[in-house]
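K.L.:
Any chance you could fold what I've pasted below:
(chains A, B, C and D)
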2 protein chains.
Amino acid sequence: MTLVDTSLSISQAAERTGLSTHTLRYYERAGLMLGGIDRASSTHRRYSDSDIVWVDFLTKLRSTAMPISKVREYVELARQGSGSNQARLELLEAHRRTVLAQLAEMTQSLAAIDHKIAFYRKGN
Amino acid sequence: MTLVDTSLSISQAAERTGLSTHTLRYYERAGLMLGGIDRASSTHRRYSDSDIVWVDFLTKLRSTAMPISKVREYVELARQGSGSNQARLELLEAHRRTVLAQLAEMTQSLAAIDHKIAFYRKGN
DNA sequence: GTTTGACTTAGAGTGCGCTCTAAGTTCTAG
DNA sequence: CTAGAACTTAGAGCGCACTCTAAGTCAAAC
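P.N.:
Here you go, the predicted model:
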């Protein structure tokens, strides 16, 4: 059986996602992976395409400051199947509102910083 | 001498800035205040208008994820007087670039989240 | 002048999100 | 078959930014 094996070792997955192997294992232990990661040939992890897609999305949740605990909630809903679609939608919509608030706050702060920068430029 | 005393106790300053009294003392100990805070009548802190203005700006730096150590660098430059204006400008400009990068990353992540939200909405 | 509440300090504790370590196992190249 | 690189686990450690505690001092109201 030599179809192209598209699955990745942990270090390849790390390179692909921009996370460290430590972080990938940590996320798994923290219950943030949707299903168990395959163990190919032996005990070594094999990351599938869909694992990588999920890690990418998870990274986007994290980069918008969703706490690990909230990501875990989302994952637990996802594990329950399509019956939890509404709950997942609501979780994401609530998170969306916090992201918009963060963007607004940062944008306001940026304006103040820009103002100060303008002041220093004039003062020269 | 009964001009209006515009200075504030630490708890008033806390209320005004939205920080806790603990955090105000912590910031001071961490070297983040421009000058020493006045001690009125005794040992109790008295926050002046300019102290409050500074805390507000410092809070904007923090809300754009400037680390405490970087804020301290800025403060140390400010304490050196106007000779450090160029250096302060450069520090703020560098920070500005990181803020823009953060905004860009968050905006990208938001797009992915919105995409997922749209998917869940359709799926109902 | 005494009570009550706000203030003071130094230092310990907390929560988060990694990040690293140690000791051992497995894969791969030669 | 062997050497060395990459992997495994459980658990400890770390850096950041607060946040709280304890033991005491001070101030405003009665």
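K.L.:
For A:Ala14, give me its contacts.
P.N.:
A:20-21, A:23-24 (Cβ atoms under 8 Å, 6 or more residues apart in numbering or on different chains). The C-beta positions use only the backbone N, C-alpha and C, and glycine is treated the same way.
K.L.:
Make JSON lines out of these and add distance to B:Arg121 and pLDDT.
P.N.:
Formatted as JSON lines, those follow (distance: Cβ to Cβ, whole Å; pLDDT from 0 to 100):
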{"residue": "A:Ser20", "distance to B:Arg121": "35", "pLDDT": "97"}
{"residue": "A:Thr21", "distance to B:Arg121": "36", "pLDDT": "98"}
{"residue": "A:Thr23", "distance to B:Arg121": "31", "pLDDT": "98"}
{"residue": "A:Leu24", "distance to B:Arg121": "31", "pLDDT": "98"}
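K.L.:
what ranges do the helices span in chain A?
P.N.:
A:10-17, A:21-29, A:49-63, A:68-79, A:85-122 (DSSP state H).
K.L.:
Contact residues of chain A facing chain B?
P.N.:
A:57, A:60-61, A:63-64, A:82, A:85-86, A:88-89, A:92-93, A:95-96, A:99-100, A:102-103, A:105-110, A:112-114, A:116-117, A:120-121, A:123-124 (Cβ under 8 Å from any Cβ of the partner chain).
K.L.:
Buried among the residues you listed? Make that a ChimeraX selection.
P.N.:
In ChimeraX, this line selects whichever of the residues of chain A next to chain B come out buried by 16 or more other Cβ atoms under 10 Å in any protein chain shown:
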select /A:57,60,61,63,64,85,88,89,92,95,96,99,102,103,106,109,110,112,113,116,117,120
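K.L.:
Near DNA strand C, list only the ones from the residues of chain A next to chain B.
P.N.:
When Cβ under 7 Å from any atom of the strand is applied, no member of those is adjacent to DNA strand C.
K.L.:
circling back to that earlier point, nearest to DNA strand D, out of the helices of chain A?
P.N.:
DNA strand D sits nearest to helix A:10-17 of all the helices of chain A, at 3.2 Å, using Cβ to the nearest atom of the strand.
K.L.:
ok, and does that closest one reach over to DNA strand D?
P.N.:
Yes: on the criterion Cβ under 7 Å from any atom of the strand, helix A:10-17 is in touch with DNA strand D at A:10-12.
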